[in-house]
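[1] Sequence plus predicted model, see below.
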There are 2 protein chains.
Amino acid sequence: MKKHICALAVLSGLSFSAMALDCDPSLLPSWKDGASKTAIVNYVDQSLDTTKSTFIPEQDRIAVFDNDGTLWSEKPFYFQLAYALDEVKIMAKDHPEWKTQEPFKSVLNDDIEGVFKGGEKALLEIVKVTHSGMTVEEYQEKVAQWLKAAKDPRFGKAYTELTYKPMREMVTYLQEHGFKTYIVSGGGVDFMRVWAPEVYGIPEEQIIGSALKYKYDYNDGKPTVTKLGEILTIDDKAGKVENIQHIIGKKPVLAIGNSDGDHAMMQWATSQPNSMAMIVHHTDEDREWKYDRKSSVGHLDKAMDEANQRDNWHLIDMKNEWCTVY
Amino acid sequence: MKKHICALAVLSGLSFSAMALDCDPSLLPSWKDGASKTAIVNYVDQSLDTTKSTFIPEQDRIAVFDNDGTLWSEKPFYFQLAYALDEVKIMAKDHPEWKTQEPFKSVLNDDIEGVFKGGEKALLEIVKVTHSGMTVEEYQEKVAQWLKAAKDPRFGKAYTELTYKPMREMVTYLQEHGFKTYIVSGGGVDFMRVWAPEVYGIPEEQIIGSALKYKYDYNDGKPTVTKLGEILTIDDKAGKVENIQHIIGKKPVLAIGNSDGDHAMMQWATSQPNSMAMIVHHTDEDREWKYDRKSSVGHLDKAMDEANQRDNWHLIDMKNEWCTVY
């Protein structure tokens, strides 16, 4: 990250009307005219300039975005987990044994701390029972119905209203300049494909995520694909790079994340010329959330250290660089 | 397949000049004006006609092509296996034990029948030792070098010269009409990505295939992705559908294959309105190869039966419908 002390930092304490002056409605309107916006615009400009060594042919203009905490909020816990917890409660009538069996007992008692005490194993168990044993279509229909009704506990908004407007603008801006934008998220790929294509303008086939194994059956002329209760891939940390290699087959030039789960992906992308990494830094406790090194969800520590040392890694200061969050 | 006895069948015995009359240079020039060409053109026309119920929105115009035997030849055996056999011979100097150890012994003795006697297990062992233990980049560089030198035993041509001109034209024709074309092949995804983007105009990220597991390492600032000696996915039969679900996330409207290995993919694609399946039928022993029900490589039996029963499944008669093969 460049060490400029930009005008924005000075302005950040000023009134809304003064802040609004920094937001240019004609270009990335939800971004203040600061270091991050400049980095995005300059990066795109230099990628398109065929007269310079920084030019990137269109087929190599691959940008990968994490989702949770990068394109939408992830607090108080991942929204997909909120779905799974709600599903456990619906399914509980067929599972009387869950009343005394962890991690389900904690879910049914609304004891989210108790759920987290079980660690990754407990979370995976909850995801497996709520995300498998049905076709992909059936699962996605349930998610779609849930999204219509569910509200996040803090803002009282639908979860799909908690995507970041500046990041949606950035996705569109890149697309308009010939970048192929991908989501590469620890979230479930089938979960994201329900709503992300419409909300971000990123098609199903450019969404990579964690997945359970799939099973095809022909059923006498009615083919189905069922979600099994076994992990196919966990799309996090090194797994993000491995999935990008497998599914995209080339190294992205631009990687955007918000946590150490994106660190490998950012290191891999920026191990080549004309590349860039950006990190959404959650600095805004009023409009969104404030967390980094000490948070378990969205833990940002080593990647932030690296951003502070590398010129082509940029921390996006949500509080001071975004005119609007949602 | 429609049961028309078309003029082409009558013409097929005529001289080259007479045959050439059937080939319209302005539209899919390597296809005679017969049932398959008509099916392709009609299908594209009806998919684009916004006034009809057959219209397909652009984001759903997904076409999946098998590769071996569908886009290029696969006889006398898969070209990727030819690479693996050549690699075994190169690697043998570091493996004196292979002289007496199957399936390597048969490879070193040029006894291809002996190799095949070991079945799928033997082939997988050969693929694993020749395709793993190196980075993806290193592997792809080796494949690229091999492709420059290797010639197929029958025609004496480079393998990349043995792609089907009519099918390359079909891929381009679909792309020009807003179809997103994918390869979905039992062949190795890293192998295909070396040459298929240039030869077919299908980018790396639209190539799906079999794969070994990948492993990311950071190596103090020099990130690498290594190919491990374990199967990640076998992209054949039901596996093709499962991989399409995982990677593309929607059901293709058009599926083109040549063997029972593509049957599931074709059944799945055509389990919806406005869909079509096509099968390259190897009927031309003079210009290419002739095989179907009795062949182990490119075994075509049940899918051919289904093509004969369904109106939107079409057999492409290579001998009588293609003006040019390569």
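    Looks like it came in fine.

[2] Quick check: closest non-adjacent residue to A:D33.
    Leaving out its chain neighbours, the residue that sits closest to A:D33 by Cβ to Cβ, 6 or more residues apart in numbering or on different chains is A:D22, at 5.2 Å. Where C-beta positions appear, they are placed from N, C-alpha and C, glycine not excepted.

[3] so that neighbour touches A:N320, yeah?
    No. A:D22 is beyond contact range of A:N320, at 9.7 Å (criterion: Cβ atoms under 8 Å).

[4] quick one, which of those two is more surrounded?
    A:N320 (22 against 19; other Cβ atoms under 10 Å in any protein chain shown).

[5] Assign that one to helix, strand or coil.
    Classification of A:N320 by DSSP: H, G, I helix; E, B strand; the rest coil places it in helix.

[6] Would you mind measuring from it to chain B?
    Per Cβ to the nearest Cβ, to the nearest Å, A:N320 is found 30 Å from chain B.

[7] I figured that residue was touching A:G34, is that so?
    Yes. Because the distance of 7.1 Å satisfies Cβ under 8 Å, A:N320 is recorded as touching A:G34.

[8] so after the helix or strand where A:H246 lies, what's the next helix or strand?
    If you go by DSSP states H and E, A:H246 is part of helix A:238-247. Going down the chain from helix A:238-247, the next helix or strand is strand A:254-257, by DSSP H and E.

[9] Could you name the helices and strands sitting against the following helix or strand past that following strand?
    Next along the chain after strand A:254-257, taking DSSP H and E as the criterion, comes helix A:263-269. Helices and strands touching helix A:263-269, as assessed by 3 or more Cβ pairs under 8 Å, 6 or more residues apart in numbering or on different chains; DSSP states H and E, comprise helix A:238-247, strand A:254-257, strand A:276-283, helix A:302-307.

[10] Need the CA coordinates for helix A:263-269. PDB is fine.
    Included here for helix A:263-269 are C-alpha records, laid out as PDB according to Å, rounded to 0.1, in the frame of the first residue of the first chain:
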ATOM      1  CA  HIS A 263      -3.800 -14.300   1.500                       C
ATOM      2  CA  ALA A 264      -2.700 -17.200  -0.700                       C
ATOM      3  CA  MET A 265      -4.800 -16.100  -3.600                       C
ATOM      4  CA  MET A 266      -3.400 -12.600  -3.400                       C
ATOM      5  CA  GLN A 267       0.200 -13.800  -3.100                       C
ATOM      6  CA  TRP A 268      -0.300 -16.100  -6.100                       C
ATOM      7  CA  ALA A 269      -2.000 -13.400  -8.200                       C
END
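
[11] Any stretches of the stretch 51-200 of chain A with poor pLDDT?
    Nowhere does the stretch 51-200 of chain A drop to pLDDT under 70.

[12] does the residue in it positioned nearest to chain B belong to a helix or a strand, and which?
    Nearest residue of the stretch 51-200 of chain A to chain B, counting by Cβ to the nearest Cβ: A:R193, 4.9 Å away. Assigned by DSSP H and E, A:R193 falls within helix A:189-200.

[13] Report the contact partners of the residue nearest in space to the middle of chain A.
    The centroid of chain A falls nearest to A:N67 when counting by Cα atoms, centre = their mean (0.9 Å). If a contact means Cβ atoms under 8 Å, 6 or more residues apart in numbering or on different chains, then A:N67 has A:183, A:185-187, A:192, A:196, A:209 as its contacts.

[14] Who wins on neighbours among those?
    Most surrounded of the contacts of A:N67: other Cβ under 10 Å gives A:S185, at 31 neighbours.

[15] Backbone torsions only: list them for that one.
    The phi and psi torsions at A:S185 (degrees, to the nearest 10) take the values phi -130, psi 150.

[16] List the contacts of it.
    Listed by Cβ under 8 Å, 6+ apart, the contact set of A:S185 reads A:65-68, A:192, A:207-210, A:235.

[17] now, the most widely separated pair of those?
    Farthest apart among the contacts of A:S185 by Cβ to Cβ are A:F65 and A:S210. That separation is 15.4 Å.

[18] of these two, who's got more company?
    Counted by other Cβ under 10 Å, A:F65 and A:S210 do not tie: A:F65 has more neighbours, with 29 against 24.

[19] now the more buried one: how far from A:R168?
    Look at A:F65 and A:R168: by Cβ to Cβ, to the nearest Å, they are 10 Å apart.

[20] Which neighbours do the two have in common?
    A:L71.

[21] near chain B, which residues of chain A show up?
    Neighbours of chain B within chain A, by Cβ under 8 Å from any Cβ of the partner chain: A:59, A:62, A:136, A:180, A:189-190, A:193, A:197, A:203-205, A:207, A:211, A:213-216, A:218, A:221-223, A:225, A:232, A:238, A:241-242, A:245-250, A:264, A:267-268, A:271.

[22] From those, keep the buried residues only.
    For the residues of chain A next to chain B, a burial check counting by 16 or more other Cβ atoms under 10 Å in any protein chain shown picks out A:62, A:136, A:180, A:189-190, A:193, A:197, A:203-205, A:207, A:211, A:214-216, A:223, A:225, A:232, A:238, A:241-242, A:245-250, A:264, A:267-268.

[23] Stretch A:138-156: how far from the chain's middle?
    17 Å (Cα atoms, centre = their mean, to the nearest Å).

[24] so where do the strands sit in the stretch 1-150 of chain A?
    Using DSSP state E, counting those that start in this stretch, the strands of the stretch 1-150 of chain A run over residues A:62-65, A:134-135.

[25] Settle this for me: A:Q59 is touching B:P203, isn't it.
    Yes. Here A:Q59 reaches B:P203: they are 5.8 Å apart, a contact under Cβ under 8 Å.

[26] and for these two, which residues touch both?
    In terms of Cβ under 8 Å, 6+ apart, A:Q59 and B:P203 are both contacted by the residues B:P197.

[27] Show me what counts as buried in the strand or helix carrying A:V171.
    Assigned by DSSP H and E, A:V171 falls within helix A:165-176. By 16+ other Cβ under 10 Å, the buried positions in helix A:165-176 come out as A:166-171, A:173-175.

[28] Dump those residues into a markdown table; add distance to B:E161 as well.
    Listed next are the buried residues of helix A:165-176 as a markdown table, based on distance: Cβ to Cβ, whole Å:
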| residue | distance to B:E161 |
| --- | --- |
| A:P166 | 50 |
| A:M167 | 46 |
| A:R168 | 46 |
| A:E169 | 47 |
| A:M170 | 44 |
| A:V171 | 41 |
| A:Y173 | 42 |
| A:L174 | 38 |
| A:Q175 | 37 |
